[in-house]
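K.L.:
predicted structure and sequence below. I'll ask about it afterward.
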Amino acid sequence: MSFSLRRLNPAAYEQALRDEFDQLYEEGAHQRRMMVASLHDRISGHAGRVRALDRFLTYARSKGDVWFRPQG
């Protein structure tokens, strides 16, 4: 995702995450794919984007056969 996402409102930020996830999820049916969602303070660190990020993660977790790397 490009750094220009910092200009997006929370709904557009969430949609951009979903769009990227959905594309990779579809491709993953044929070949392993990986999505990296960098949480840079100037992009995702805005208070208004916290709920958008939470909704995205809930959405991504609801899909089958998705692995999340444990923290730490």
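P.N.:
Received the coordinates, thanks. Computed from a prediction, not measured in an experiment: that's the story for all the values here.
K.L.:
measure the residue lying closest to residue 24 once chain neighbours are set aside to residue 26 for me?
P.N.:
With sequence-adjacent residues excluded and distances taken as Cβ to Cβ, 6 or more residues apart in numbering, residue 24 is closest to residue 33, at 4.2 Å. Every residue, glycine included, has its C-beta placed from N, CA and C. For residue 33, the distance to residue 26 (Cβ to Cβ, to the nearest Å) stands at 9 Å.
K.L.:
to what extent is the residue nearest to residue 24 buried, counted in neighbours?
P.N.:
Around residue 33 there are 13 other residues, counting by other Cβ atoms under 10 Å.
K.L.:
kindly provide the distance from the residue most central in space within the chain to residue 46.
P.N.:
Central residue of the chain (Cα atoms, centre = their mean): residue 17, 3.7 Å from the mean position. Residue 17 sits 14 Å away from residue 46, going by Cβ to Cβ.
K.L.:
ok, now which ones touch residue 61?
P.N.:
residue 68 (Cβ atoms under 8 Å, 6 or more residues apart in numbering).
K.L.:
before we move on, what about residue 68?
P.N.:
Taking Cβ under 8 Å, 6+ apart, one finds 60-61 in contact with residue 68.
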